[in-house]
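A.B. asks: Got a predicted model here, sequence first, then my questions.
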Amino acid sequence: MTDDPDNLAPPVDPAPKRWLCCHCGGTGVDSYAESCLHCEGLGFC
Ligand SMILES: [Zn+2]
Ligand SMILES: [Zn+2]
């Protein structure tokens, strides 16, 4: 038996935690404002 840390580490979901904003499409810019109000200009929500 070996204590390989790789075997002890829990499975990690490779999927990103953030997603492109469904309002501005990830640009962070809104057509009516400088920054998208849905994601506050971050581009993710
Ligand atoms: Zn959004
Ligand atoms: Zn947005």
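C.D. replies: Noted; the coordinates are in hand. Numbers count the residues shown, from 1 in each chain. Ligands and ions are numbered 1, 2, ... in the order given.

A.B. asks: The closest residue to residue 36 other than its chain neighbours: neighbour count?
C.D. replies: Nearest residue to residue 36, sequence neighbours excluded (Cβ to Cβ, 6 or more residues apart in numbering): residue 24, at 3.9 Å. The C-beta positions use only the backbone N, C-alpha and C, and glycine is treated the same way. Neighbourhood size, residue 24 [other Cβ atoms under 10 Å]: 22.

A.B. asks: Settle this for me: residue 24 is touching residue 30, isn't it.
C.D. replies: Yes. Using Cβ atoms under 8 Å, residue 24 is in contact with residue 30, at 5.8 Å.

A.B. asks: which neighbours do those two share?
C.D. replies: 36, 38 (Cβ atoms under 8 Å, 6 or more residues apart in numbering).

A.B. asks: gap between the spatially most central residue of the chain and residue 39?
C.D. replies: Residue closest to the mean C-alpha point of the chain, counted by Cα atoms, centre = their mean, is residue 18 at 1.3 Å. According to Cβ to Cβ, to the nearest Å, residue 18 stands 9 Å off from residue 39.

A.B. asks: so what sits against both of the two?
C.D. replies: Shared contacts of residue 18 and residue 39, counting by Cβ under 8 Å, 6+ apart, come down to residue 45.

A.B. asks: who's in contact with residue 24?
C.D. replies: Residues in contact with residue 24 (Cβ under 8 Å, 6+ apart) are 30, 36, 38, 39, 43.

A.B. asks: Can I get these in CSV including pLDDT?
C.D. replies: Compiled in CSV, those are given as follows (pLDDT from 0 to 100):
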residue, pLDDT
30, 84
36, 92
38, 90
39, 91
43, 91
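
A.B. asks: near ligand 1, from these?
C.D. replies: Among the contacts of residue 24, the ones lying close to ligand 1 by the criterion of Cβ under 5 Å from the ion are residue 38.
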